[in-house]
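Participant: Sequence first, predicted model second:
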Amino acid sequence: MVGCELERPTGPAGRVIESQGIAVNETDHAAADRAMIDHAVDHPVIDADHHYYEALDAFTRHLDPAWAQRCVQWCEIDGRKYHVIGGRVSRAVTNATFDPIAKAGAMHDFFRGNPEGRDPLSFLSEREPIRPEYRDRDERLRVMDAQGLQKVWLFPTLGMVYEELLKDDPAACWTTFRAFNRWLAEDWGFAHRDRIFAGPYLTLADPDRAVEELEWALGEGARLVVMRPAAPTTALGRCSPFDDRYARFWGLMNESGITLVLHAGDGGVSLNGYAPEGFAASFSGGWRPSLAFFAIEQAIRDYLLTMLLENHLARYPGLRIASVENGAQFLGDLFRKARSLSHKIPGWFPEDPVDTFRRHVWINPFWEDDAYEVVEHMGADRVLFGSDWPHIEGMPQPLDYLPEVKELPPDERRRVLHDNAAELLRPPA
């Protein structure tokens with residue numbers, strides 16, 4: 001990026017999952033609110049994919065200083081602040097202060113198909129100071145009112161990519177996110193005014209600590225928890241998240257009925273030599289596509305397919321899993337593979353694995369995915385609306401999504417835009 005030296009994590013079709021400092025200059029917040037599109041909708045809307053930009057002390061406020069060098073610190077190089085993660089300067093997010101910040105939905109037209117054939121970098125040419133609603137929960141409520149949103153699910157930005165950077169030190173990993181979650185409880189809460197539902201971040205780096213953190217989250221009134229779709233690395237090496245060592249964790253998830261959100265993040269997907277390893281796609285010299293653009297889709301497909309193959313959902317029939325910001329193009333391939341194996345190994349699955357999947361899993365497609373195709377795959381009662389606001393690859397305003405579902409029957413449209421997310425916020429009957 002010209003003058004900014006940014007690298008950005010990417011997913012399917014180059015989808016960027018972080019807004020790291022490039023923006024359109026728009027400092028009149030009141031004018032921006034007045035300019036919001038007044039979409040007509042005759043029922044409340046819940047956005048199942050909102051984000052905050054972490055406070056400067058999000059990872060350090062509740063961290064024992066004795067752990068600082070193994071966890072997250074700040075440093076300054078040539079006048080720019082960087083995070084030092086596990087003792088190494090991280091340049092994957094070169095504007096971790098988020099000030100200046102990208103305008104919400106700055107790359108909307110690019111993901112719409114880039115009809116004007118513009119250079120991708122041209123969408124990211126201006127900046128603005130960080131807005132208060134990106135870090136303050138009551139300011140976020142004010143903006144939600146202007147956006148026409150009843151409630152939102154709220155997720156990390158930096159928090160979704162830092163576990164991979166700490167995976168080789170499992171103790172530092174769970175220590176970091178324990179401190180992070182205490183900051184989250186303090187600044188956002190887990191059910192603020194019964195409208196903003198922030199998900200504490202869970203890591204499986206230590207099976208016993210994962211149980212402790214889940215118990216703490218439940219005690220704090222969390223309605224959902226979030227983790228990345230990836231195989232964790234423990235002190236004994238990498239293992240499946242469905243390994244028996246996690247039986248206590250999954251048992252508590254099953255008993256509580258709390259919703260587990262698998263949110264796009266750095267899943268550590270290997271590129272197998274086809275491109276430089278690492279989650280970030282460099283903008284130096286342009287935006288060159290590679291297999292890294294499809295890492296998000298591979299990570300979620302592998303996670304959910306493994307969950308099916310290991311009959312995890314049969315062992316824990318109370319699990320409710322929401323895939324958020326991972327897209328939906330993997331569904332057809334996943335269903336074909338699962339059903340193929342069910343024919344090849346008769347009796348392995350207690351029922352059609354696709355039926356099992358549809359009973360336990362909800363899908364939030366990318367806004368540019370074909371919503372009608374996703375409803376056909378999953379059923380309208382298993383599809384979630386999420387705008388990814390205020391990230392650059394999301395919607396400029398959340399209800400800009402309405403045209404994408406305008407041809408759904410009214411009852412199905414309401415399920416996608418409200419009812420499904422509302423039900424997942426309540427414990428199952």
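Facilitator: Noted; the coordinates are in hand.
Participant: any low-confidence regions in this structure?
Facilitator: Residues of the chain meeting the criterion pLDDT under 70: 1-40, 109, 113, 120, 122-125, 278-287, 429.
Participant: now the helices: where do they sit in it?
Facilitator: 29-34, 108-111, 137-147, 162-166, 170-187, 207-219, 247-256, 295-309, 312-315, 331-344, 353-360, 371-378, 410-414, 420-425 (DSSP state H).
Participant: Any buried residues in stretch 71-83, and which?
Facilitator: The neighbour-count check on stretch 71-83 (16 or more other CB atoms under 10 Å) flags Cys71, Val72, Gln73, Tyr82, His83 as buried. Using the backbone N, CA and C atoms, a C-beta is placed for each residue, glycine as well.
Participant: what bridges to the second one?
Facilitator: Okay, so that is Val72. In this entry, Val72 is beta-bridged to Ile85, by DSSP bridges.
Participant: Apart from its chain neighbours, what residue comes closest to Arg195?
Facilitator: Lys151 (4.9 Å; CB to CB, 6 or more residues apart in numbering).
Participant: For Tyr52, see how far away Leu399 is.
Facilitator: Remark: distance between Leu399 and Tyr52 (CB to CB, to the nearest Å) = 20 Å.
Participant: Looking only at neighbour counts, state which of those two leads.
Facilitator: Tyr52 (25 against 21; other CB atoms under 10 Å).
Participant: Show the contacting residues for that one.
Facilitator: Counting by CB atoms under 8 Å, 6 or more residues apart in numbering, Tyr52 touches Tyr134, Arg135, Arg140, Leu154, Phe155, Pro156, Thr157, Trp188, Ala198.
Participant: What residues of stretch 193-210 count as buried?
Facilitator: Of all the residues in stretch 193-210, those buried under the rule 16+ other CB under 10 Å are 195-207, 209-210.
Participant: what's the closest of these to Ser340?
Facilitator: Leu204 (28.8 Å; CB to CB).
Participant: Just want to check the distance between the closest residue to the closest one other than its chain neighbours and Glu297.
Facilitator: Residue nearest to Leu204 in three dimensions, not counting chain neighbours: Pro232, with 3.8 Å by CB to CB, 6+ apart. Going from Pro232 to Glu297 by CB to CB gives 20 Å.
Participant: Equivalent analysis for Phe180, please.
Facilitator: Noted for Phe180: a distance of 26 Å to Glu297, by CB to CB.
Participant: correct me, but Pro207 touches Thr234?
Facilitator: Yes. Judged on CB atoms under 8 Å, Pro207 makes contact with Thr234 at a distance of 7.2 Å.
Participant: overlap in contacts of the two?
Facilitator: Arg245.
Participant: Distance from the chain centre to stretch 206-214, please.
Facilitator: The chain centroid and the centroid of stretch 206-214 are separated by 21 Å under CA atoms, centre = their mean, to the nearest Å.
Participant: Tell me if I'm right that Phe349 and Arg339 touch.
Facilitator: No. Look at Phe349 against Arg339 with CB under 8 Å: they stay out of range, at 9.3 Å.
Participant: Settle it for me: which of these two has more neighbours?
Facilitator: When Phe349 and Arg339 are compared for neighbours, Phe349 comes out ahead with 20 against 14, by other CB under 10 Å.
Participant: Tell me, how many residues neighbour the closest residue to Ala275 other than its chain neighbours?
Facilitator: Leaving aside its chain neighbours, Ala275 sits nearest to Ser290 (3.7 Å; criterion: CB to CB, 6+ apart). Using other CB under 10 Å, Ser290 has 14 neighbouring residues.
Participant: just checking, Ser290 touches Asn272?
Facilitator: No. Using CB under 8 Å, Ser290 is not in contact with Asn272; the gap is 11.6 Å.
Participant: beta partners of the residue nearest the centre of the chain?
Facilitator: Closest residue to the average C-alpha location of the chain: His263 at 3.2 Å, with CA atoms, centre = their mean. As for beta bridges, His263 partners with Val324 under DSSP bridges.
Participant: Which residues are in contact with it?
Facilitator: His263 makes contacts with Asp49, Phe155, Met160, Gly199, Val226, Met227, Arg228, Val324, Glu325, Asn326, as judged by CB under 8 Å, 6+ apart.
Participant: contacting residues for the first one?
Facilitator: Taking CB under 8 Å, 6+ apart as the criterion, Asp49 is in contact with Trp153, Phe155, His263, Val324, Glu325, Asn364, Leu384, Gly386, Ser387, Asp388, Trp389, Gly394.
Participant: hmm, 6 Å instead?
Facilitator: By CB atoms under 6 Å, 6 or more residues apart in numbering, Asp49 lies in contact with Val324, Glu325, Asn364, Gly386, Asp388.
Participant: One more: the third one?
Facilitator: Each residue near Met160 by CB under 6 Å, 6+ apart is listed here: His263, Gly265.
Participant: how close does it get to Lys406?
Facilitator: From Met160 to Lys406 the distance is 31 Å (CB to CB).
Participant: Also Ile77?
Facilitator: Using CB to CB, one gets 49 Å for the distance from Ile77 to Lys406.
Participant: Let me have the contacts of Tyr52 in TSV, extended by distance to His377.
Facilitator: Shown next, in TSV, are the contacts of Tyr52 (distance: CB to CB, whole Å):
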residue	distance to His377
Tyr134	34
Arg135	37
Arg140	32
Leu154	27
Phe155	24
Pro156	28
Thr157	29
Trp188	33
Ala198	29
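Participant: Can you flag the buried ones in these?
Facilitator: Buried members of the contacts of Tyr52, scored by 16+ other CB under 10 Å, are Tyr134, Arg135, Arg140, Leu154, Phe155, Pro156, Thr157, Trp188, Ala198.
Participant: Just the ones of these in strands?
Facilitator: Those of these mapping onto strands are Leu154, Phe155, Ala198, per DSSP state E.
Participant: shouldn't Gly257 be in contact with Pro427?
Facilitator: Yes. Here Gly257 reaches Pro427: they are 4.7 Å apart, a contact under CB atoms under 6 Å.
Participant: would you put the C-alpha positions of stretch 58-72 in CSV?
Facilitator: In CSV, the C-alpha atoms belonging to stretch 58-72 read as follows (Å, rounded to 0.1, in the frame of the first residue of the first chain):
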residue,chain,number,x,y,z
ALA,A,58,-6.8,-4.9,25.1
PHE,A,59,-4.1,-7.6,25.4
THR,A,60,-2.1,-6.0,28.2
ARG,A,61,-4.5,-4.4,30.7
HIS,A,62,-5.1,-7.6,32.6
LEU,A,63,-1.8,-9.4,31.7
ASP,A,64,0.7,-10.1,34.5
PRO,A,65,3.8,-8.1,33.4
ALA,A,66,5.9,-11.2,34.1
TRP,A,67,4.3,-12.7,31.0
ALA,A,68,4.8,-9.7,28.7
GLN,A,69,7.7,-10.9,26.7
ARG,A,70,6.0,-14.2,25.9
CYS,A,71,2.6,-12.6,25.1
VAL,A,72,1.8,-9.3,23.5
